[in-house]
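Engineer: Whatever this is, show me its structure:
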Amino acid sequence: MAASLLTRALGVIELLVQHARGLPLQTIADELSMPKSGAHRLLAELSEHGYVVQAPDTGLYLLTTRLSSLGMRHLASCGVIDVAQPGLDQLAQFCGELVRLAVVDGDRLVYIAKAQGALSGLRYDPESGGEATLYCTSTAFAWLSTFSDDEAIRLIAAQGEIRAEEHGPNCPRGFAEVLPYLEFARQHGYGKAINCWLPGMSAIAANVTDPASGRVVGVLSIGGPSVRLTETVIDQYVPHLLSTAAELSVISPLSDYLRSLSVRRLNRR
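Structural biologist: Below is the predicted model of the structure:
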């Protein structure tokens, strides 16, 4: 059955998100299994609506800022950042590391807000909007620990294959190696990843839950270089991480967006 026009248009956008420098027409057509002529018509329509532009010097197709602008306007209007940012700022100032909040969006964890506490020296400071990798991040371990092992594996598999070679030396190389991280999170109330996502990086994360349903709506994390974020330091930061996550859980109903995420997740199961 042929993909709908909407499905193909979203496929183009999601593909170009991964290639900020742009892609040629033939590559886009090949990646999406479309005829070149069909891809050209679709890109022309996306260009007409302001979502795609073709670079005049290279002929490559790139996303414009229209989509990101809409996303930022959405986050600003839904109130989630207004609710969360003070808590993130306070925690980042205390620990001197990067603090991030990811929200549960269906079967994904998307980072939407952050506060940088490291003012000098080594800094880990990725942009918001990225999706947490489910097999090797503390954020994912905290969230997945609330599911059965079978459901956690299903969620990981749905995101794509495990690419341990692209991450740190402690990155799990299969589903079985992920499970001990989830069990740790269940027993201790927070997820931990050392040299998993990146070499020399450590992170801990705790869930933010909707107080009415008890379902996870977000995950709060602290991340930084392992030379600073040692096991001893992690032990010192855990109570503050858990306390801030609990505070966000209490005030999360102030944001319609977080509340709707919890309801949507409930309806999906």
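Engineer: now the strands for the stretch 51-200 of the chain?
Structural biologist: Listed in chain order, the strands of the stretch 51-200 of the chain (DSSP state E, counting those that start in this stretch) span residues 52-54, 61-63, 98-105, 108-116, 191-194.
Engineer: could you dump those to CSV with mean neighbour count, mean pLDDT and distance to residue 134?
Structural biologist: Just so you know, the C-beta spots here come from the backbone N, C-alpha and C atoms, and that holds for glycine as well. What follows is the strands of the stretch 51-200 of the chain, written out as CSV (neighbours: other CB atoms under 10 Å; pLDDT from 0 to 100; distance: least, CB to CB, whole Å):
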stretch, mean neighbour count, mean pLDDT, distance to residue 134
strand 52-54, 19, 93, 29
strand 61-63, 19, 92, 25
strand 98-105, 24, 93, 11
strand 108-116, 20, 91, 7
strand 191-194, 23, 97, 11
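Engineer: would TSV of those strands with distance to residue 33 be doable?
Structural biologist: TSV is the format used below for the strands of the stretch 51-200 of the chain (distance: least, CB to CB, whole Å):
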stretch	distance to residue 33
strand 52-54	19
strand 61-63	17
strand 98-105	26
strand 108-116	23
strand 191-194	35
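Engineer: Which one, of the ones you listed, ends up nearest to residue 255?
Structural biologist: Taking CB to CB as the criterion, strand 98-105 is the member of those that comes nearest to residue 255, at 9.6 Å.
Engineer: From one end of stretch 165-183 to the other, what's the distance?
Structural biologist: Stretch 165-183 has an end-to-end distance of 24 Å (criterion: CA to CA, to the nearest Å).
Engineer: average pLDDT across it?
Structural biologist: Averaged across stretch 165-183, the pLDDT comes to 96.
Engineer: And that stretch, how far out from the chain middle?
Structural biologist: Relative to the chain's own centre, stretch 165-183 is displaced by 18 Å; criterion: CA atoms, centre = their mean, to the nearest Å.
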